[in-house]
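A.B. asks: please find the sequence and the predicted model below.
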Amino acid sequence: MSIDDSARIDPKAELDAGVSVGPWSIIGPNVSIGAGTDVGSSVVIRSNTRIGNNNRIFQFSSIGEDPSDRKYEGEDTYLEIGDNNIIREGVTLHRGTGGGGGVTRIGNDNLLMPYVHVAHDCQIGNNIVLANNVGITGHVEVADWVILGGYVGVNQFLKIGAHAMVGGMAHITNDIPAYMILSGNPAKIRGVNVIGLERRGFDKATIAAIREAFKILYKRNLKLREAIEKIRAISSGGEALGVLIDSLEASEKGIHR
């Protein structure tokens with residue numbers, strides 16, 4: 001364990017022997033940090049935060065702070081961070097609220113670029129990239145392999161499906177189905193994230209099926225339920241289209257169309 005003399009560690013915090021903590025950082029009570037995690041200088045980890053292994057937390061980040069929600073009344077709530085995440089300068093990650101499930105979660109292998117904010121009760125998956133100044137409000141669910149461009153803002157209680165990509169400065173006001181690209185202001189669905197899928201090893205037949213599903217959903221003026229049934233009819237039990245259907249059926253706020 002390497003802890004700078006100027007750092008302040010609460011006696012109720014639990015740090016693995018392989019943790020390093022830089023100058024002037026503060027780690028509060030009921031914080032646990034796993035092996036190989038590097039906490040940089042001037043980082044504040046407030047309380048009730050569980051951090052896994054091999055994370056890098058850069059300077060001036062605020063981790064596990066009280067939620068910015070007027071309904072929060074000091075109840076015990078938590079922030080959980082998985083393994084192998086990169087959390088860059090000035091990132092702010094807030095704990096959950098009692099009314100929202102009590103836990104904000106960040107998965108594994110994510111990149112949070114400078115000044116990203118993830119608010120209370122969000123559920124962030126794995127292999128996600130949040131570019132500079134992304135702001136995610138409370139109760140948002142972001143599935144695996146999503147990319148949000150710089151300055152993207154996400155309204156509360158929304159869901160972003162797996163492998164979706166959002167262009168910089170977009171304002172997300174509805175759910176985004178899996179695999180889709182959204183950009184512009186007002187934001188619109190532009191097509192399928194083909195390049196991203198190719199990079200992740202999706203074969204040509206699967207990508208072709210997803211593109212056909214896109215046409216059904218966005219080009220044929222069908223009601224959402226009608227589009228889902230037609231996509232189901234061409235899916236033949238395929239896992240990829242199953243992910244798309246699940247993201248459509250999970251929508252409560254309505255999808256961007």
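C.D. replies: Structure's in. What do you need?

A.B. asks: so residue 213, which of the three states?
C.D. replies: When the structure is reduced to helix, strand and coil (DSSP: H, G, I helix; E, B strand; the rest coil), residue 213 reads as helix.

A.B. asks: with residue 105 instead?
C.D. replies: Secondary structure, three-state DSSP: residue 105 is strand.

A.B. asks: mind showing which ranges of the protein have poor pLDDT?
C.D. replies: Across the chain, residues meeting the criterion (pLDDT under 70) sit at 237.

A.B. asks: state the number of residues packed around the closest residue in space to residue 194 that isn't next to it in sequence.
C.D. replies: Nearest residue to residue 194, sequence neighbours excluded (C-beta to C-beta, 6 or more residues apart in numbering): residue 207, at 6.0 Å. For glycine as for every other residue, the C-beta is placed from the backbone atoms N, C-alpha and C. Burial of residue 207 is recorded as 17 neighbouring residues (other C-beta atoms under 10 Å).

A.B. asks: hang on, residue 207 in a strand?
C.D. replies: No - the assignment for residue 207 (three-state DSSP) gives helix, which keeps it out of a strand.

A.B. asks: what about it, distance to residue 178?
C.D. replies: According to C-beta to C-beta, to the nearest Å, residue 207 stands 13 Å off from residue 178.

A.B. asks: same thing with residue 39?
C.D. replies: 34 Å.

A.B. asks: residue 26 too?
C.D. replies: Relative to residue 178, residue 26 is positioned 39 Å away (criterion: C-beta to C-beta).

A.B. asks: with residue 113 instead?
C.D. replies: Residue 113 is 23 Å from residue 178, where distance means C-beta to C-beta.

A.B. asks: cool, residue 5 as well?
C.D. replies: With distances taken as C-beta to C-beta, residue 5 is found 49 Å from residue 178.

A.B. asks: tell me which of the two has more neighbours.
C.D. replies: Regarding residue 5 and residue 178, a neighbour count based on other C-beta under 10 Å identifies residue 178 as having more, with 28 against 5.

A.B. asks: report the contact partners of that one.
C.D. replies: If a contact means C-beta atoms under 8 Å, 6 or more residues apart in numbering, then residue 178 has 143, 161-164, 243-244, 246-247 as its contacts.

A.B. asks: in three-state terms, label it for me.
C.D. replies: coil.

A.B. asks: that one - nearest residue in space that isn't next to it in sequence?
C.D. replies: In space, residue 178 comes closest to residue 161 once its chain neighbours are excluded; the distance is 3.2 Å by C-beta to C-beta, 6+ apart.

A.B. asks: list the contacts of that neighbour.
C.D. replies: Residue 161 neighbours (C-beta under 8 Å, 6+ apart): 143, 146, 175-180, 243-244, 247.

A.B. asks: same check, this time on residue 48
C.D. replies: Under the criterion of C-beta under 8 Å, 6+ apart, the contact list for residue 48 reads 29-31, 64, 76-79, 95.

A.B. asks: quick one, which of those are buried?
C.D. replies: For the contacts of residue 48, burial is judged from neighbour counts taken by 16 or more other C-beta atoms under 10 Å, and it is met by 30-31, 64, 77-79, 95.

A.B. asks: ok, and the closest non-adjacent residue to residue 28?
C.D. replies: residue 47 (4.3 Å).

A.B. asks: now swap in residue 251 and tell me
C.D. replies: What sits nearest to residue 251 in space, not counting adjacent residues and going by C-beta to C-beta, 6+ apart, is residue 175, at 4.2 Å.

A.B. asks: quick one: contacts for that neighbour?
C.D. replies: Residues touching residue 175, when contacts are defined by C-beta under 8 Å, 6+ apart, comprise 158-161, 247, 250-256.
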